[in-house]
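1. Based on what follows, work out the 3D shape:
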Amino acid sequence: MKPKNPSMTLPLFQADINKCVDPNHPLIVLAHEIDWSAFECAFDEFYSEDMGRPAKMIRLLMGLHYLKHAFSESDESVVERWVENPYWQFFCGFETFQTRIPLNPSNMVQWRKRVGPERLELLLR
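-> Numbers count the residues shown, from 1 in each chain. From the prediction side, this is the model:
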């Protein structure tokens, strides 16, 4: 099933990440420079509206894979560190600070197998 974007409404007691991060931080600047919609178009063929449970956001998966590569992390450690880092959460498309891991690290392995290595190279370019 196609991914849904995170809610634009601010849940009670959740911090707005935009107010917590330095807009000049390299990850914030990079997040604004990346054309995330191009990735959504490139990966659209791997998602279906009518099949299975709702998928994780493409930006979340692409962001986690970029962070994993950039910071030499494992699937497990990038997900664990993501929970603690508002810059990483913003980079992955979240507007409010999250206190729970966004996915099981095994989902990253499954997604890599589904999209193939040539699609993942799009991000590193």
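2. Low-confidence regions, the chain specifically.
-> Along the chain, the model assigns pLDDT under 70 to residues 1-13, 45-56, 123-125.
3. longest helix of the protein?
-> Scanning the chain for the helix with the most residues, using DSSP state H, yields helix 58-70.
4. and it, C-alpha only, in CSV?
-> Provided in CSV are the C-alpha atoms of helix 58-70 (Å, rounded to 0.1, in the frame of the first residue of the first chain):
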residue,chain,number,x,y,z
ILE,A,58,9.5,6.9,1.0
ARG,A,59,11.3,9.9,2.5
LEU,A,60,11.7,8.1,5.8
LEU,A,61,13.3,5.1,4.1
MET,A,62,15.5,7.1,1.8
GLY,A,63,16.5,9.4,4.7
LEU,A,64,17.4,6.5,7.0
HIS,A,65,19.5,4.9,4.2
TYR,A,66,21.3,8.2,3.6
LEU,A,67,22.0,8.6,7.3
LYS,A,68,23.2,5.0,7.5
HIS,A,69,25.6,5.6,4.7
ALA,A,70,26.7,9.1,5.8
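5. What residues of that helix count as buried?
-> For helix 58-70, a neighbour-count test (16 or more other CB atoms under 10 Å) marks 58-68 as buried. In this view, the C-beta of every residue, glycine as well, is placed from N, C-alpha and C.
6. what do you get for stretch 112-125?
-> So, applying 16+ other CB under 10 Å, buried residues of stretch 112-125: 115, 119-120.
7. just curious, which of these is nearest to residue 32?
-> residue 120 (21.8 Å; CB to CB).
8. name the element that closest one belongs to?
-> helix 117-124 (DSSP states H and E).
9. Perfect, I'm done here.
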